[in-house]
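when you get a sec, could you give me coordinates for this:
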Amino acid sequence: MAKDLSPKTIRNAHGLLSAALAEYHPTMILRTTLPQKKKYEAGIPSAEDIAKIVEAAKGTPSELPILLAVWLGLRASEIRGITWDCIQGDMLHIKQAIVDGEDGPELKGTKTYSGDRRIRMPEYIKSLIETQSHTDDHVIHLSGQAMYKRFSRLCESAGLPHYRFHDLRHTFATVASAQGAPLFDIGKALGHSTPATTGKIYTHLLDQNHTATLDRVANALK
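Residues are numbered from 1 along each chain as shown. Okay, here's the model as predicted:
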């Protein structure tokens, strides 16, 4: 498995195997050498690249999903899961997600308990939602593959480096931090279960906050 899959996937599979053996074959001890974990590096488009992405997406079916990711920090699965009953005035209730399983797309609850959240929508996003075709319960009518492929082609046509759709969510966190938002509030907006989760993913934000804190203390003591 390690030849084709990530270290995290291997460790998850090994954990399941270990738990099963502990229950049904407790005398068997695994002495497995697991692949080393790889540090996750979030890809973050620059402000200039985001401007080009948003401009290229304007008026296309990709515009609303892209803005929901950049402006509100939503996951692709959460964007696909938005139904019309999630729209409550200028509030957007993130209560579910669509994930692709072995039997196709499946509507599930949010990734974590904290993922169930309400977010105030900017007027422009609200107006875009109002223009979407109301043919069924869902606001966004793009599959996960269609969303990713459209975004990749859009980046390519704009002469940009390859970004993942999920990298747009990272932009939200970076901009929020640059505007002085505490890590706790950023994590709450992103639907993280704890600030530790936010800090683990966005280590660069911790570095920025740490430097800013030291500067403030130094200035106060002066």
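
contact partners for Arg11?
34, 37 (Cβ atoms under 8 Å, 6 or more residues apart in numbering). The C-beta positions use only the backbone N, C-alpha and C, and glycine is treated the same way.

quick check, it in a helix?
Yes. Assigned with DSSP: H, G, I helix; E, B strand; the rest coil, Arg11 falls within a helix.

name the nearest residue to Asp100, ignoring sequence neighbours.
Gly144 (5.5 Å; Cβ to Cβ, 6 or more residues apart in numbering).

what pLDDT does the one you found get?
We have a pLDDT of 90 for Gly144.

and the pLDDT for Thr213?
So, for Thr213, pLDDT stands at 61.

so which residues of the protein form helices?
Using DSSP state H, the helices of the chain run over 7-24, 47-57, 63-72, 76-80, 123-130, 144-157, 167-178, 183-190, 195-201, 203-221.

alpha carbons of the fourth one, in PDB - could you do that?
Output in PDB follows, covering the C-alpha atoms of helix 76-80 (Å, rounded to 0.1, in the frame of the first residue of the first chain):
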ATOM      1  CA  ALA A  76     -15.700  22.000  -1.600                       C
ATOM      2  CA  SER A  77     -17.900  19.300   0.000                       C
ATOM      3  CA  GLU A  78     -19.700  21.900   2.000                       C
ATOM      4  CA  ILE A  79     -20.300  24.100  -1.100                       C
ATOM      5  CA  ARG A  80     -21.800  21.100  -2.900                       C
END
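
name the helices or strands packed onto it?
helix 63-72, strand 96-101, helix 144-157 (3 or more Cβ pairs under 8 Å, 6 or more residues apart in numbering; DSSP states H and E).

how close does Val175 get to Lys188?
16 Å (Cβ to Cβ, to the nearest Å).

Gln36 too?
Taking Cβ to Cβ, one finds Gln36 at 32 Å from Lys188.

same question for Met121.
Counting by Cβ to Cβ, the gap from Met121 to Lys188 is 17 Å.

likewise for Ile119?
From Ile119 to Lys188 the distance is 10 Å (Cβ to Cβ).
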